[in-house]
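K.L.:
Sharing a sequence plus its predicted fold:
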There are 2 protein chains.
Amino acid sequence: MTNPNPLAASASAHLAVTQSEAAPDVIDFGLGHPGPDLLPLGLLAHAAATRLQGDDSSLLQYGHEQGDGYFRQALAAFLTRHYAAPVDMDELFVAGGASQALDLICTLYTQPGDVVFVEEPTYFLALRIFADHRLRTVPIATDGDGLIPAALADALAQHRPSLLYTIPSFQNPSGVTLSLPRRQQLVALAQEHNFLIVADEVYHLLSYGAAPPPPLATYAATGHVLALGSFSKILAPGLRLGWVQAAPQHIQRLVNSGLLDSGGGLNPFTSGIVRVALEEGWQDAHLTHVRQVYGRRANALTAALRAQLGELVSFTAPDGGYFHWLTLPEQYDGEALFRQAAAYKVGFRPGARFSATGQLQHCLRLSFAHYDEAQLAEGVGRLAALLAKNG
Amino acid sequence: MTNPNPLAASASAHLAVTQSEAAPDVIDFGLGHPGPDLLPLGLLAHAAATRLQGDDSSLLQYGHEQGDGYFRQALAAFLTRHYAAPVDMDELFVAGGASQALDLICTLYTQPGDVVFVEEPTYFLALRIFADHRLRTVPIATDGDGLIPAALADALAQHRPSLLYTIPSFQNPSGVTLSLPRRQQLVALAQEHNFLIVADEVYHLLSYGAAPPPPLATYAATGHVLALGSFSKILAPGLRLGWVQAAPQHIQRLVNSGLLDSGGGLNPFTSGIVRVALEEGWQDAHLTHVRQVYGRRANALTAALRAQLGELVSFTAPDGGYFHWLTLPEQYDGEALFRQAAAYKVGFRPGARFSATGQLQHCLRLSFAHYDEAQLAEGVGRLAALLAKNG
């Protein structure tokens, strides 16, 4: 087949611009990146031209620590439309992406040795950020409705966590969404035991069927939720632009950090440009577009897995986010499969990487975001061949 | 007089976009910000249009962890021209500004309670970043040639610092430049006592007379120097774009952090645009321009201070950077003067804010970067009136 990834071809011939890319002839379900066809270059060219013409150079100056007021106003209006719940610009803090926000929260709210509760499974690179801050991660069991409140209550009997890190909607890696009753129980437990919930809601707006329950951001007024959002999945990851939605005392704590005071706002130039995309409705239109495309891709991967691996793997068909989470019979070892995968020109993330304790060896995370439907089906064929060899 | 600061006027009428601004009729020497007339909006409009036309969307994807290779190649060539010493792109790591780089270095290289050596005086907001990481700062005395090696040797007899933070060229706040012999002695002491030097060299390229000695970045190969650079002073602060120059083992440590692995490079979109300014020589031309303008402003402030306050204040006329550091007779109290300054429609930073131990009460930091020559002279007149009232 032809090259599924034009960027990889150019990266191999030239200097690296993008993060780890698959070899040109590999279909790598491991990449949690938008496909190059979904990166809105024209939209951003238009937004940049609009914002940079004229004589308002304020986006080039040291920025307001909380973030450009016009940008936060436009973002609050956008979120209010899509959350179906009012969002106030004063609750929003502009960050350099959700990862940067998580890193800053770790600096300000934790000490080395502190306990952070994480879902089992959880986002493997959040585990890396916690490790850099020398935090101890304690896994909390999940099921098809997300984090299990009884498991959380048990863990709270043994630990006093500084933070609980959750991905409530279309979880990475499991694709699962936390149910509404459990959202309420989780917030109640945070209030009762006085810990902070860091809710990584970067997939919340990427729903392809029924909308998920209201985001944990809507519980910000309790003072126990710091909700992270990002333009990485709804516009472009290279912008490094995200936000925190939280109660005023938390916004003040972020704003008053030395990093913010020294550098000014975290991304004044880019937020000044993306402001145009929000104000002109281009972000809404692009979100509609990517939801349609990703919805088709999710369905295509579901169909291919059922057709070619239906007897072997179990999974819940996702109706949002980026991921299928496959459970294989227990004798399979994801890392062993991973080492053989290149020979089959296919890739994925072994399940154990998403476990705070190295469990879940017989699981695999597949992303459908980066490839078109034909490529996804072709990739599943290669995965089937790999699994057949190891059956 | 007329409004010295168009941004402040618009900020007061609308939503805040920029960091703390002076009231429209105040001349605030405390602002270490470029003047609005020096923010190159047209240059960036041109660079953005150039980079965003066509079909290369790679700057919108998750970025290479070390930073866009083409950008680092162009940056290495730019630094090689201006440092008069070869800089290799492999020694460069792209950061979201020098403050962000300093914050990341604190996360990866320190533990709470560790000792950081700082110059006395030093950059007050670096002290805030160290405080957020719960580090203990120990001041090292400086004189007209910068950090005093004998004072450093004495401190090393008592402490084992994780880091030494220095601003070797056109220091903030003192304007002093570390001499060449002392640069060599400092690096030798770092090798002997095995500590890391974090060299904040954001003013190094802003020389208005003789060039300073080669930057501490040129000692990166020793493995004991992490040198920070930034586009904030030479292009625009709102870009939040800087770099670290260091030996390969340090570059790898930064690249391997959870923050970088999760988010991709720290500023792919903006570095993709600034790449054009570097490649096309626009950054070189703008640097020439700002050096001419700032050089005139430095001289104007020197002349006004000598003419109006020559008997009262002592200072070394700076030939680079952003700052004049004034020493008043000991009976003056900078914080007391600061509280009265608004009534005289003038501003500055009290000296004690730059001391790790609250000393230097009789010193003031004045920046000449934000105002034109007539405004600088007018501001000195107001300062003279304030000091006369307190004499």
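P.N.:
Thanks, I have the structure now.
K.L.:
ok, and the closest non-adjacent residue to A:Ala317?
P.N.:
A:Thr302 (4.4 Å; C-beta to C-beta, 6 or more residues apart in numbering or on different chains). Heads up, the C-betas are built off the backbone N, CA and C, glycines and all.
K.L.:
just checking, what packs against the host helix or strand of the one you found?
P.N.:
Assigning secondary structure by DSSP states H and E places A:Thr302 in helix A:282-309. In terms of contacts (3 or more C-beta pairs under 8 Å, 6 or more residues apart in numbering or on different chains; DSSP states H and E), helix A:282-309 is packed against helix A:41-52, helix A:69-83, helix A:268-279, strand A:323-327, helix A:373-389.
K.L.:
How about residues contacting the second one?
P.N.:
Right, helix A:69-83. A:66, A:86-89, A:91-92, A:94, A:205, A:214-215, A:217-218, A:229, A:243, A:245, A:271-272, A:274-275, A:278-279, A:283-284, A:287, B:14-17 (C-beta atoms under 8 Å, 6 or more residues apart in numbering or on different chains).
K.L.:
for the stretch 1-150 of chain A, which spans come out with low pLDDT?
P.N.:
Along the stretch 1-150 of chain A, the model assigns pLDDT under 70 to residues A:1-13.
K.L.:
quick one: pLDDT of the residue nearest to A:Val274 when sequence neighbours are not counted?
P.N.:
Spatially, and ignoring its direct neighbours in sequence, A:Val274 is nearest to A:Leu241 (6.0 Å; C-beta to C-beta, 6+ apart). We have a pLDDT of 98 for A:Leu241.
K.L.:
How many residues are close by the residue of the stretch 201-350 of chain A found nearest chain B?
P.N.:
Proximity of the stretch 201-350 of chain A to chain B (C-beta to the nearest C-beta) peaks at A:Gly258, 3.0 Å away. Neighbours of A:Gly258 under the rule other C-beta atoms under 10 Å in any protein chain shown: 23.
K.L.:
ends of stretch A:338-358, how far apart?
P.N.:
Separation of the first and last residues of stretch A:338-358 by C-alpha to C-alpha, to the nearest Å is 15 Å.
K.L.:
which of the contacts of helix A:69-83 are buried?
P.N.:
A:66, A:87, A:89, A:91-92, A:94, A:205, A:214-215, A:217-218, A:229, A:243, A:245, A:271-272, A:274-275, A:278-279, A:283, A:287, B:16-17 (16 or more other C-beta atoms under 10 Å in any protein chain shown).
K.L.:
hmm, back to that, and the angle from the helix holding A:Thr302 to strand A:323-327?
P.N.:
20 degrees (axes from the mean of the first three to the mean of the last three C-alpha atoms, to 10 degrees).
K.L.:
quick one, phi/psi of whichever residue of the stretch 101-250 of chain A sits closest to chain B?
P.N.:
Residue of the stretch 101-250 of chain A nearest chain B, by C-beta to the nearest C-beta: A:Arg128 (3.0 Å). For A:Arg128, the backbone dihedrals (degrees, to the nearest 10) come out as phi -70, psi -40.
K.L.:
my guess is it meets B:Asp261, correct?
P.N.:
Yes: between A:Arg128 and B:Asp261 a contact is recorded at 5.6 Å, counting by C-beta atoms under 8 Å.
K.L.:
helix or strand for the residue most central in space within chain A, which one?
P.N.:
Geometric centre of chain A, nearest residue: A:Val202, 4.4 Å, by C-alpha atoms, centre = their mean. Using DSSP H and E, A:Val202 falls within no helix or strand.
K.L.:
Report the contact partners of it.
P.N.:
A:Val202 sits in contact with A:98, A:167, A:228-230, A:232-233, A:242, where contact means C-beta under 8 Å, 6+ apart.
K.L.:
Buried subset of those as a ChimeraX selection?
P.N.:
Buried members of the contacts of A:Val202, defined by 16+ other C-beta under 10 Å, are picked up in ChimeraX with:
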select /A:98,167,228,229,230,232,233,242
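K.L.:
out of the contacts of A:Val202, who's near chain B?
P.N.:
The subset of these within reach of chain B, by C-beta under 8 Å from any C-beta of the partner chain, is A:98, A:232.
K.L.:
could you redo the contacts of A:Val202 as TSV and give each row secondary structure?
P.N.:
Putting the contacts of A:Val202 into TSV (DSSP: H, G, I helix; E, B strand; the rest coil) gives the following:
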residue	secondary structure
A:Ala98	helix
A:Ile167	coil
A:Leu228	strand
A:Gly229	strand
A:Ser230	strand
A:Ser232	coil
A:Lys233	coil
A:Gly242	strand
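K.L.:
out of the contacts of A:Val202, who's nearest A:Leu360?
P.N.:
A:Ile167 (15.6 Å; C-beta to C-beta).
K.L.:
Just give me how far the longest strand along chain A sits from the chain centre.
P.N.:
If you go by DSSP state E, chain A has its longest strand at strand A:136-143. Distance of strand A:136-143 from the chain centroid (C-alpha atoms, centre = their mean, to the nearest Å) equals 18 Å.
K.L.:
So which elements touch the helix or strand just after that strand?
P.N.:
Downstream of strand A:136-143, the next assigned helix or strand under DSSP H and E is strand A:146-147. In terms of contacts (3+ C-beta pairs under 8 Å, 6+ apart), strand A:146-147 is packed against helix A:180-193.
K.L.:
can you list the residues that contact the helix or strand following the helix it packs on?
P.N.:
Next helix or strand after helix A:180-193 toward the C-terminus (DSSP H and E): strand A:196-200. With contacts defined as C-beta under 8 Å, 6+ apart, strand A:196-200 is touched by A:98, A:102, A:105, A:109, A:123, A:126, A:162-168, A:172, A:186-187, A:190, A:215-217, A:219, A:224-228.
K.L.:
Stretch A:38-55 too?
P.N.:
A:59, A:235-236, A:238, A:272-277, A:280, A:282, A:286, A:289-290, A:293, A:369, B:41, B:44-45, B:48-49, B:52-53, B:55-57, B:60-61, B:269, B:273.
K.L.:
Now which of these would you call buried?
P.N.:
With neighbours counted by 16+ other C-beta under 10 Å, the contacts of stretch A:38-55 contain buried members at A:59, A:235-236, A:238, A:272-277, A:282, A:286, A:290, A:293, A:369, B:41, B:44-45, B:48-49, B:52, B:56-57, B:60-61, B:269, B:273.
K.L.:
The stretch 201-350 of chain A against chain B: which residues are in contact?
P.N.:
A:232, A:236-240, A:257-259, A:261-270, A:272-273.
K.L.:
wait, A:Ile234 sits on A:His289?
P.N.:
No: with contacts counted by C-beta under 8 Å, A:Ile234 stays clear of A:His289, the gap being 10.2 Å.
K.L.:
follow-up on the earlier one: buried ones in the helix holding A:Thr302?
P.N.:
Buried residues in helix A:282-309 (16+ other C-beta under 10 Å): A:282-283, A:286-287, A:290-291, A:293-295, A:297-302, A:304-305, A:308-309.
K.L.:
for stretch A:144-157, same thing?
P.N.:
A:146-149, A:151-152, A:155-156.
K.L.:
Let me see the domain layout of chain A.
P.N.:
A:20-40+A:284-390, A:50-280 (automatic domain parsing).
K.L.:
Can you redo the ones you listed as TSV, where the extra columns are distance to B:Gly351?
P.N.:
Shown next, in TSV, are these (distance: least, C-beta to C-beta, whole Å):
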stretch	distance to B:Gly351
domain A:20-40+A:284-390	49
domain A:50-280	18
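K.L.:
most tightly surrounded among those domains?
P.N.:
Looking across the domains of chain A with neighbours counted as mean count of other C-beta atoms under 10 Å in any protein chain shown, the highest average goes to domain A:50-280: a mean of 21.
K.L.:
Now the terminal residues of that one, how far apart.
P.N.:
11 Å.
K.L.:
same question, stretch A:100-119
P.N.:
Per C-alpha to C-alpha, the first residue of stretch A:100-119 is 20 Å away from its last.
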